[in-house]
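Participant: Everything below, folded, please.
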Amino acid sequence: METIARTLENDKTHFATLAIGATAKEMGISESELYNRLERVGLIHSLIYDCYDTLHTESISGVVWNITEALKNWEAKKGIQQ
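Facilitator: Numbering: from 1, shown residues only. Reported below is the predicted structural model:
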């Protein structure tokens, strides 16, 4: 059996997957829909990956709140209505 070496990049990807899944569930939308919305405004990298050091120390409800608030604000700033 082959194992994947644990790296910071793998940890960030795993965290992003969990964060997107939990946020999508809270918002009542699919993970793919949320991923596309986050990608459209650039939040996957600028928030989830770039702020990993801070976000991963929060509770899951805190992470969900941060993502939903950031998405709401960034979509409004870019004039995207949901």
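Participant: Give me the buried positions along the top helix by length along the chain.
Facilitator: Longest helix in the chain, counting residues (DSSP state H): helix 8-27. Residues of helix 8-27 classed as buried: 12, 15-16, 19-20, 22-24, 27 (neighbour count, 16 or more other C-beta atoms under 10 Å). Just so you know, the C-beta spots here come from the backbone N, C-alpha and C atoms, and that holds for glycine as well.
Participant: Please apply the same query to stretch 57-64.
Facilitator: Buried, per 16+ other C-beta under 10 Å, within stretch 57-64: 63-64.
Participant: repeat for stretch 46-59
Facilitator: For stretch 46-59, by 16+ other C-beta under 10 Å, it's 47-48, 52, 55.
Participant: Quick one: residues contacting residue 49.
Facilitator: 12, 16 (C-beta atoms under 8 Å, 6 or more residues apart in numbering).
Participant: Residue 22 against residue 66, yeah?
Facilitator: No: the criterion here is C-beta atoms under 8 Å, and residue 22 misses it with residue 66 at 11.3 Å.
Participant: show me where the chain has strands.
Facilitator: Taking DSSP state E as the criterion, the chain carries no strands.
Participant: quick one: low-confidence ranges for it?
Facilitator: 1-2 (pLDDT under 70).
Participant: now the helices for it?
Facilitator: 8-27, 31-41, 43, 52-55, 60-77.
Participant: OK, contacts around the closest residue to residue 74 other than its chain neighbours?
Facilitator: Nearest residue to residue 74 in three dimensions, chain neighbours excluded: residue 41, at 4.2 Å (C-beta to C-beta, 6 or more residues apart in numbering). Listed by C-beta under 8 Å, 6+ apart, the contact set of residue 41 reads 71, 74-75, 78, 80.
Participant: Max pairwise distance over those: which two?
Facilitator: Greatest spacing in these, by C-beta to C-beta: 71 and 78 (10.7 Å).
Participant: who has more neighbours, these two?
Facilitator: Ranked by neighbour count (other C-beta atoms under 10 Å), residue 71 and residue 78 place residue 71 first, with 21 against 10.
Participant: looking at it, the more buried one is touching residue 43, isn't it?
Facilitator: Yes: counting by C-beta under 8 Å, residue 43 is a contact partner of residue 71 at 6.2 Å.
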